[in-house]
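K.L.:
Build me a model from this:
(2 chains)
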Amino acid sequence: MANLWYLIIADPVLNALIALSHFLFDNFGLGIVAFTIIIRLALWPLTKRQFSSTKALQNMQPKMLELQKKYGKNQQRLQQEMMKLYREAGINPLGCLWPLLVQFPIWIALYQAITRALGTTPENLLELAHHLYSWKPVTEAIPLSSRFLWLDLGQPDHTLILALIVGVTTWVQQKMTTPPSIDPRQQATNNMMLLMMPFMFGLFTLMFPSGLPLYWAASNIIGIISQYLLTGGWGYLRFRSPTQSVSVKTRKS
Amino acid sequence: MKQTRVLLAGILFLSLSLISCAPSSAAGGWAGIAVEGDLLYTGSLDGKIVCINATDGQLRWLYQIVMASGTASCGETLVPSAIYGTPLVERGMVYVGTYDGKVLALNMVARQEGLTFPQKRYGEWEWSCPTANRGGNAIVTDLVTSGSAIYVSCSNGKVYSLDKEFGDLNWESDALSERLWTSPALHDDIVILSTFEGRLLTVSAESGEVLPWSFESASGFVSRPVIYDHTIYIGSFDNKLYAIEIGASEPLWSFAGRKWFWAAPLVVGGRVYAGCLDGNVYAIESRTGKQLWRFNCKSPIVSSPVVAGDVLVVATESGNVYLIDVETGKGERVKNPSVDSRPTVDARVRASLLVKENKVYIHAQDDCVYRLGVQDMKVEKLFCVRDVKMH
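P.N.:
Purely as a prediction, here's the structure:
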C-alpha cells in the first residue's frame, strides 16, 4: 500500500516539483507556485462545477427565502423542500467539498515532497535518493535551496506574514462561496466555519514547513481570481445575510 | 450538509495537527563506534552516548542528550537528540557532536560516577554552535581532531575550531555554505570542506582564514572529502565520483555510478573503493579512474567500506554484509547466524564500520552492535543498547 502511494502520488509530486523548480531558475518557491497552478488547472472541471453551483445557489436565494418564510417553523419540511429545489436546479449541495477532498492527498504528498526535496534532515536527504527519477532536470536540480522571498520553505514561518496571507485568502475564498441562510442556527454554523477554517489554516502555517502554506496561499489566490472571473463578481463576499438584515432592521425599529 | 462540513473540518484539523505537531527530532541518526581497550562507545538511536564493555556486554555508563522540540503553537517538549557522528575517544574523554548543535566533551570517570554534566574539574565542557542563518545549527558530521584542536562542521554553514581541553573557540570561518553537512578533512595545516553548492574549500587550520584555492563543480558534493596522495576523492549529486588534485582547476577524473556516492570512498594502496546508492561497490584505479572491478551488493550502500587485511567489508541498507577480495573483486555474503536466508544483521546499516584486530564492529539501525570475524565469517550480536544493564 505504501509503495502504491509513492508510485502513484508521492513520487510524481516530488519529481514534478523538483523538475519545475529546475526550469524556474532553480527556485523551489516558484516551483511550488507553478505546481499549484498545474493542480488548479487539473482540478478545473471540479472547480467549475463548484462555481456553477455557487452561482446557481446565489440565483436561488429569493426562492429559498420564500421557502424559509413558508416552512420556517417546520425544519423537516423546510429541508425536504430545499432538497427538492436543489434537485430541480440540478445542484449537489455537497459538490463544493470535492475539490477540497481531492486536494487532501495532494497536500500530504506535497508535505512529504517538501520535507524530502529540501532534505531537512539527513534521513530525508538519504531517502530522497531512493525516490528520484533519473531525469536530467531532476538530478541537476539537487540539492535545492530552501530560500524563497523571506521564507525558509523547509521551516515554519514565524513572522506571521504568511499566516495572515493564508488566513485572509482562505476567509475571502470561503466567504465568496458560502451562501447565507435565513435559519439563524445554520447561519451561526456558517459564521463559525467562516472563522474557523481561516484560523485553522493560519495556525497550521505556523506549524508546517512554509512550502505547504505557500501552496495554500497560491491556491487560494488563484481560486479567488478564478471565482471572480468566472462568476463575474465577488460572490457572497458583499452579500449580507438575511438574518443579519432582519436583526439590524429589528434593532433600528 | 453543515454537519458534514463541520465533521470534515474536524477531521482535517485533527489530521493536520497530528502531522504538524510530531516532534521534529524523535532522535534517529547513525553514530559509528569508537573502541578503546575493551570499551565500545557509540551514540544510540534514542540520543544516548553509551560506553559498553565489549567482552561482557555490560553497560559502563550512559549519558542522555535531549533537545527542545516543537513550536509555540504545539508546545515545546524535550526529546532525545539525534547523533550522526562517530564519538571521538581520546585520553579518557569522549567528544561528540549532536543534532541540536552541541559538542560535548564527556569525562569517562565523571560519567561512570553519574555526576551532573558538565564537571569542569574533570575537564568536561559543552559548546553550542550558534544559529547564524536559516540552516539551523545541527551537527551531523564526525568531529575531526589534530593536536589540541577539534574541527566542527555546523549546519549554519561555518566550520569551527575548538580548544580540546577547555572547549574555547579558537576561530570560526566565514559562512561557507547554506549548510555544512559533510565532515571536514585535514591535510597538512589545511582544513578541506565540501559543500552542497558544489565547492571544495580550503581553510587554514591555524587561523580559519579561507585560503585561495577552491574548486567549483556544477553539482553539489554529497560525501565528505577523502584525501590520498595530494588528491581529493569525493561523491557528487550528479551520480559521479570525482578525483581532484589539490590546487588543480580541473578534475583528474570522474567516474559515473547510477545513483549518488553518498558514502565517502575508501582509498588505500592506489585504489579507490566506492560504495554507491545504486547497490554496487566499485574498485577504481586512483590515478586514472579506470574501473578494476564491480561487485553488486543488491542494496544501497550508505556506510563507507573498510579493509581488513586483503578483504573489503561492505555493509548495505538491507542489512547484508559482504566480504570481497580486494584483488579479484569476488565476494561472499556473510550469513545470518540464525536463518541463512535473512540479511546478515537484523537492520539497515548506515553508520561507519570499525575494524579492530580483524574484527569489524557494526552499529545497525536496530540500535544493536554486531561483531564480525573476518577470518571465520561469523557475525555475533554483541548487545542491543535497549537491553544493556548497568554493571
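
K.L.:
Spell out which parts of the stretch 251-391 of chain B neighbour chain A.
P.N.:
Within the stretch 251-391 of chain B, the residues that sit near chain A (Cβ under 8 Å from any Cβ of the partner chain) are B:258-260, B:262, B:277, B:300, B:302, B:350. Every residue, glycine included, has its C-beta placed from N, CA and C.

K.L.:
Just the closest of those to B:Arg121, please.
P.N.:
Minimum distance to B:Arg121 across these is 37.0 Å, recorded for B:Arg350 (Cβ to Cβ).

K.L.:
For that closest one, which three-state class applies?
P.N.:
What DSSP: H, G, I helix; E, B strand; the rest coil gives for B:Arg350 is coil.

K.L.:
Not counting sequence-adjacent ones, nearest residue to it?
P.N.:
B:Trp30 (3.8 Å; Cβ to Cβ, 6 or more residues apart in numbering or on different chains).

K.L.:
got a list of what that neighbour touches?
P.N.:
Under the criterion of Cβ atoms under 8 Å, 6 or more residues apart in numbering or on different chains, the neighbours of B:Trp30 are A:122, B:84, B:302-303, B:350-351, B:363, B:365.

K.L.:
do that again at 10 Å, thanks
P.N.:
Listed by Cβ atoms under 10 Å, 6 or more residues apart in numbering or on different chains, the contact partners of B:Trp30 are A:122-123, A:126, B:43, B:45, B:82-86, B:140, B:302-303, B:348-352, B:363-365.

K.L.:
Return the residues in contact with B:Ser148.
P.N.:
Contacts of B:Ser148 by Cβ under 10 Å, 6+ apart are B:161-166, B:170.

K.L.:
Any figure for the gap between the residue nearest to B:Arg350 and B:Arg386?
P.N.:
Counting by Cβ to Cβ, to the nearest Å, the gap from B:Trp30 to B:Arg386 is 16 Å.

K.L.:
One more: A:Phe28?
P.N.:
Taking Cβ to Cβ, one finds A:Phe28 at 39 Å from B:Arg386.

K.L.:
Neighbour count: those two, which is higher?
P.N.:
Applying other Cβ atoms under 10 Å in any protein chain shown to A:Phe28 and B:Arg386 shows that A:Phe28 carries more neighbours, namely 27 against 12.

K.L.:
And the residue of chain A closest to chain B?
P.N.:
Closest approach between chain A and chain B, counting by Cβ to the nearest Cβ: A:Met207, at 3.6 Å.

K.L.:
Is that residue in contact with A:Pro213, as I believe?
P.N.:
Yes. Counting by Cβ atoms under 10 Å, A:Pro213 is a contact partner of A:Met207 at 9.3 Å.

K.L.:
And the two? Which one has more around it.
P.N.:
A:Pro213 (26 against 21).

K.L.:
filter the residues of the stretch 251-391 of chain B next to chain A to the buried ones?
P.N.:
Those of these that meet the buried threshold are B:259-260, B:262, B:277, B:300, B:302, B:350, by 16 or more other Cβ atoms under 10 Å in any protein chain shown.

K.L.:
how about TSV for those, with secondary structure and pLDDT added?
P.N.:
Formatted as TSV, those follow (DSSP: H, G, I helix; E, B strand; the rest coil; pLDDT from 0 to 100):
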residue	secondary structure	pLDDT
B:Lys259	coil	92
B:Trp260	coil	94
B:Trp262	coil	95
B:Leu277	coil	96
B:Pro300	coil	96
B:Val302	coil	96
B:Arg350	coil	96
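
K.L.:
ok, the residues you listed vs A:Leu46, which is closest?
P.N.:
Nearest to A:Leu46 out of those is B:Lys259 (Cβ to Cβ; 38.2 Å).

K.L.:
Hmm, the closest one is touching A:Leu126, no?
P.N.:
No. Using Cβ under 10 Å, B:Lys259 is not in contact with A:Leu126, being 11.0 Å away.

K.L.:
re the thing from before, generate a ChimeraX selection restricted to the buried entries among the contacts of B:Ser148.
P.N.:
To isolate the buried ones among these in ChimeraX, judged by 16+ other Cβ under 10 Å, type:
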select /B:161,162,164,170
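
K.L.:
For B:Ile246, what are phi and psi?
P.N.:
Note on B:Ile246: backbone dihedrals following degrees, to the nearest 10 are phi -60, psi 130.

K.L.:
Skipping its backbone neighbours, what lies nearest A:Ile106 in space?
P.N.:
Nearest one to A:Ile106, counting by Cβ to Cβ, 6+ apart, is A:Ile39 at 6.1 Å.

K.L.:
what helix or strand is the one you found on?
P.N.:
Using DSSP states H and E, A:Ile39 sits within helix A:28-42.

K.L.:
need the residues of the stretch 151-253 of chain A near chain B, please.
P.N.:
Listed as neighbours of chain B in the stretch 151-253 of chain A under the rule Cβ under 10 Å from any Cβ of the partner chain: A:151-156, A:158, A:163, A:178, A:181, A:183, A:185-190, A:192-193, A:196-197, A:200-201, A:203-209, A:212.

K.L.:
Sitting in helices, which of these do you find?
P.N.:
The helices, defined by DSSP state H, take in A:163, A:185-190, A:192-193, A:196-197, A:200-201, A:203-207, A:212 from these.

K.L.:
Where does pLDDT dip in chain A?
P.N.:
For chain A, the stretches with pLDDT under 70 are A:1-2, A:54, A:58, A:93-100, A:181-184, A:186, A:232, A:235, A:237-253.
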